[in-house]
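**Q** Just need the structure, nothing else, for what follows:
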Amino acid sequence: MYRSILKIALLLCLPLIATSGKAAEKSEPSMARTPLIIDTDMTGDDWLAILYLLADPKVDVKAITVSGSGQAHAIPGGLNALTLLDLAKAPDIPVATGSETPIQGINHFPDHLRERADQLAGWAAPSRRPEPQPDAPQLIIDTLQASDIPVTIVALGPWTNIAHAFEKAPAIAGKTERIIAMGGAVDVPGNVHTVPAHHKKNNTAEWNFYLDPVSVERVVRNSVPIDLIPLDATNFVPMTEEYFQRISQQPPSPILQFALDSFKSWKNRDGKYTWSFWDPLAAVAVSNPEVVTWEDATLIIDTHMDSNAAGTLTRNSSGRAVRFATTADKDRFYDLFTNGINRYVEPDVM
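**A** This next block holds a predicted model:
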């Protein structure tokens with residue numbers, strides 16, 4: 001009798017065992033997260049790009065390096081990066097600061113814009129207040145060399161730190177998966193001329209490439225694949241009042257409040273938004289490349305610092321082969337970015 005009952009029980013369990021086995025066979029291993037270095041000049045849109053990447057489950061931010069040759073000054077920019085890490089509850093990611101000047105030339109943002117970036121939209125400095133590492137290029141080198149797999153560099157500002165790192169340790173090119181950068185303008189006008197009281201009338205360059213075009217030219221000498229998110233694509237994702245109202249309705253969190261405060265600083269004196277989601281589009285495209293339309297091209301950059309075309313990208317068959325984004329899916333981007341902000345909401349709040 002006992003044997004009969006045991007036999008029946010085993011027979012009843014067999015389908016479950018078989019089903020469990022098939023499920024195990026079909027289950028896929030978890031996808032490895034893409035290791036990243038974020039190189040940034042800590043502008044207002046960089047802040048949100050960084051927060052998006054810190055919350056993206058598909059990537060693993062290994063380090064943040066701050067370029068002082070962009071909008072924020074090096075030390076305030078480094079401290080502001082620490083503030084963002086505190087907000088994102090990721091305090092262990094190392095931060096380092098770089099040079100205050102480009103590799104060549106004296107191109108720079110107007111002082112009033114630099115001061116605004118230094119202030120981080122009025123948010124308080126981090127409570128821990130450690131000094132960021134002073135050598136951003138070395139942190140890039142160390143992070144690449146320590147990684148078991150190639151690392152992607154996300155460039156959100158001038159390429160000064162990256163150029164110094166590649167010149168100091170050329171072998172790191174072999175440890176770099178690719179550089180994905182917000183920078184340049186290919187088939188559209190630039191945006192340097194849009195800043196009032198700027199000292200040069202440059203109608204063709206974008207700010208990140210205008211500030212230090214020599215660094216871009218030196219980096220592209222390497223064989224590292226380059227994906228550009230230029231103004232051609234970012235023009236498709238403007239900040240609007242409609243989007244502000246949409247994101248205002250999202251579940252509350254410190255990150256949401258920070259984003260809302262940041263957006264308010266994107267308005268001009270007439271109360272109209274004048275910014276696009278420049279760097280956030282590059283951040284979203286890291287793990288969602290379908291959010292933009294890509295085109296292969298060979299480009300050269302104007303490195304004549306005394307001209308009104310410094311930083312201008314031009315199609316040229318003798319140039320560097322890159323992939324660049326020509327357009328962006330606005331609705332898809334808004335959805336992805338909103339979801340990224342919402343990842344910071346605690347489950348009980350949702």
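**Q** who are the neighbours in contact with the spatially closest residue to K168 that is not a sequence neighbour?
**A** Across the structure, with CB to CB, 6 or more residues apart in numbering as the measure, the residue nearest K168 apart from its sequence neighbours is P137 (5.9 Å). C-beta coordinates here come from the backbone N, C-alpha and C atoms, glycine included. Residues counted as contacts of P137 (CB atoms under 8 Å, 6 or more residues apart in numbering) are T65, G98, N161, I162, H164, A165, K168.
**Q** What is the burial count for I180?
**A** Other residues near I180 come to 23 when the count uses other CB atoms under 10 Å.
**Q** what helix or strand does it sit in?
**A** strand 176-182 (DSSP states H and E).
**Q** Please name the strands paired to that strand in the sheet, noting orientation.
**A** strand 151-155 (parallel), strand 226-229 (parallel) (DSSP bridges).
**Q** Tell me which helix or strand comes right after it.
**A** Read in the C-terminal direction, the helix or strand following strand 176-182 is helix 207-211, with elements assigned using DSSP H and E.
**Q** which residues are in contact with that next one?
**A** By CB under 8 Å, 6+ apart, the surrounding residues in contact with helix 207-211 are 41, 69-70, 102, 107-109, 155-159, 181-184, 190-192, 202, 216, 301, 310-313.
**Q** Work out which residue lies at the spatial centre of this protein.
**A** A283 (4.0 Å; CA atoms, centre = their mean).
**Q** shouldn't that residue be in contact with L53?
**A** Yes. Using CB atoms under 8 Å, A283 makes contact with L53 at a distance of 5.0 Å.
**Q** who touches both of those two?
**A** Common neighbours of A283 and L53, counting by CB under 8 Å, 6+ apart, are V154.
**Q** All the strands of this protein, residue numbers only.
**A** Counting by DSSP state E, the chain has strands at residues 34-40, 59-66, 95-97, 151-155, 176-182, 226-229, 292-301, 313-315, 320-328.
**Q** Is it possible to get those strands out as CSV so that each row also shows distance to F277 and mean pLDDT?
**A** As requested, the strands of the chain are arranged in CSV below (distance: least, CB to CB, whole Å; pLDDT from 0 to 100):
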stretch, distance to F277, mean pLDDT
strand 34-40, 15, 98
strand 59-66, 18, 98
strand 95-97, 23, 96
strand 151-155, 15, 98
strand 176-182, 10, 98
strand 226-229, 10, 98
strand 292-301, 12, 98
strand 313-315, 20, 98
strand 320-328, 9, 98
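**Q** Now render those as a markdown table, adding distance to W47.
**A** As requested, the strands of the chain are exported to a markdown table (distance: least, CB to CB, whole Å):
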| stretch | distance to W47 |
| --- | --- |
| strand 34-40 | 9 |
| strand 59-66 | 11 |
| strand 95-97 | 14 |
| strand 151-155 | 14 |
| strand 176-182 | 13 |
| strand 226-229 | 17 |
| strand 292-301 | 21 |
| strand 313-315 | 26 |
| strand 320-328 | 20 |
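**Q** closest one to T240 among the ones you listed?
**A** Of all the strands of the chain, it is strand 320-328 that lies closest to T240, at 14.2 Å by CB to CB.
**Q** That closest one pairs with which strands, parallel or anti?
**A** The pairing partners recorded for strand 320-328 under DSSP bridges are strand 226-229 (parallel), strand 292-301 (antiparallel).
**Q** Deepest in the core, which of those strands is it.
**A** Using mean count of other CB atoms under 10 Å, the stretch among the strands paired with strand 320-328 with the largest mean neighbour count is strand 226-229, at a mean of 24.
**Q** Any idea how far it is from the middle of the chain?
**A** A distance of 11 Å separates the C-alpha centroid of strand 226-229 from that of its chain, computed with CA atoms, centre = their mean, to the nearest Å.
**Q** which residues touch that strand?
**A** Under the criterion CB under 8 Å, 6+ apart, residues 178-184, 186, 220, 278, 281-282, 285, 289, 292, 294, 320, 322-325 lie in contact with strand 226-229.
**Q** show me what contacts T314?
**A** L299, I300, I301, D302.
**Q** try 7 Å
**A** Under the criterion of CB atoms under 7 Å, 6 or more residues apart in numbering, the contact list for T314 reads L299, I300.
**Q** ok, now the one 5 residues further on?
**A** The contact partners of G319, taken as CB under 7 Å, 6+ apart, are T298, L299, I300.
**Q** is it true that the last one touches T312?
**A** No. Distance between I300 and T312: 9.1 Å, which falls outside the contact criterion (CB atoms under 7 Å).
**Q** the helices in the stretch 201-350 of the chain, which residues?
**A** Taking DSSP state H, counting those that start in this stretch to define them, one finds helices in the stretch 201-350 of the chain at 207-211, 213-219, 231-234, 241-248, 254-264, 278-287, 330-342.
**Q** any low-confidence regions in the stretch 101-250 of the chain?
**A** Applying pLDDT under 70 to the stretch 101-250 of the chain flags the ranges 124-131, 196-199.
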